[in-house]
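Enquirer: Build me a model:
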Amino acid sequence: MKLIKNPEFDLYEKGNQIYCDSLQVAESFNKRHSYILDIIAKLTEPKNGLSENFIQTNFSLSNYKDFSGKQNKMYLLTKDGFAMIVMGFTGKKALRFKEEYIKRFDLMEKFIQSLQTAKLEFPEFTDAIMNAHEEPKNYHFSNEINMINKIVLGVNAKQFKEQNGIDETVNSIRPYLTQGQIKAIETLQRFDIGLITMEEDYKKRKEILTNYYLKLIDKKLIA
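Expert: Sure thing, here's the model as predicted:
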């Protein structure tokens, strides 16, 4: 499964697990990357007491290309791996960065939970579209999704990928959205599940959903 870097939190996600990398830690705490690698090497020595399970779970060896194109070693770190590395960093600035990273990890965990909720609701949305057409076609579903994306994002999924430099082969744009955008799309999908069965006309549904979305913004129920 490919690593995805979420631009809102500047953290990676893979298989619902969240990571920062050792380069980020070095830069944020004004340390040499070699110094961070040395800390990891010492922490993960068998004699230092960390269990093999903790090491494998929280420190993942990876690599990156430098400016010359050379492959160099780095580590992907979970929240616990990050905490273990920076535990000894002291001073006001270090404490501020620790707090910031922990907050980002926590917020991204909530973000992923929101994605899981969207996936759980997805079959209901699909069923509503299928039931609304005697002979449902793929475009019926894509039209409905694109309508909601355009209301919330101003563009459809394809245009969003183009604007944000996302590979066109990526199936879902949701990992690249903000929490506010995710919440808005989820809210409109829930509303549209009932609306599809009540209003056959696409343009009227779009008008109703747009007005509903604007009311939610006006009442500050969504960002």
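Enquirer: From residue 34, how far off is the residue sitting furthest away from the middle of the chain?
Expert: Distance from the C-alpha centroid of the chain peaks at residue 47, with 36.6 Å (C-alpha atoms, centre = their mean). As judged by C-beta to C-beta, to the nearest Å, residue 47 and residue 34 stand 22 Å apart. Backbone N, C-alpha and C define where each C-beta goes, glycine included.
Enquirer: Any idea which residue is closest to the centre of the chain?
Expert: Central residue of the chain (C-alpha atoms, centre = their mean): residue 175, at 3.8 Å.
Enquirer: Buried ones in the biggest helix by length in the chain, by neighbour count?
Expert: Longest helix in the chain, counting residues (DSSP state H): helix 92-131. Within helix 92-131, the residues scored as buried using 16 or more other C-beta atoms under 10 Å are 94, 97-98, 101, 104-105, 108-109, 111, 114-115, 118, 125, 128-129.
Enquirer: Export only the CA atoms of the following helix or strand past that helix, formatted as CSV.
Expert: On the C-terminal side of helix 92-131, the nearest following helix or strand under DSSP states H and E is helix 138-153. Output of helix 138-153 as CSV, limited to C-alpha atoms (Å, rounded to 0.1, in the frame of the first residue of the first chain):
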residue,chain,number,x,y,z
ASN,A,138,-21.9,4.0,-13.8
TYR,A,139,-22.4,7.6,-14.8
HIS,A,140,-25.4,7.9,-12.6
PHE,A,141,-23.1,7.4,-9.6
SER,A,142,-20.2,9.5,-10.9
ASN,A,143,-22.6,12.3,-11.7
GLU,A,144,-24.0,12.4,-8.2
ILE,A,145,-20.5,12.2,-6.6
ASN,A,146,-19.2,15.0,-8.9
MET,A,147,-22.3,17.1,-8.1
ILE,A,148,-21.5,17.0,-4.4
ASN,A,149,-17.7,17.5,-5.0
LYS,A,150,-18.5,20.6,-7.1
ILE,A,151,-20.7,22.1,-4.5
VAL,A,152,-18.1,21.6,-1.7
LEU,A,153,-14.8,21.9,-3.6
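Enquirer: before we move on, what SS does the residue nearest to the centre of the chain have?
Expert: helix (DSSP: H, G, I helix; E, B strand; the rest coil).
Enquirer: any idea how far it is from residue 74?
Expert: Counting by C-beta to C-beta, the gap from residue 175 to residue 74 is 22 Å.
Enquirer: returning to what we had before: how much space between the residue nearest to the centre of the chain and residue 167?
Expert: 12 Å.
Enquirer: Over to residue 8?
Expert: 18 Å.
Enquirer: Got the domain ranges for this protein?
Expert: 4-89, 112-218 (automatic domain parsing).
Enquirer: where among the ones you listed is the average confidence lowest?
Expert: Mean pLDDT is lowest for domain 112-218 among the domains of the chain, at a mean of 81.
Enquirer: measure that one end to end?
Expert: In domain 112-218, first residue to last residue: 27 Å (C-alpha to C-alpha, to the nearest Å).
Enquirer: for stretch 14-33, same thing?
Expert: End-to-end for stretch 14-33, by C-alpha to C-alpha: 23 Å.
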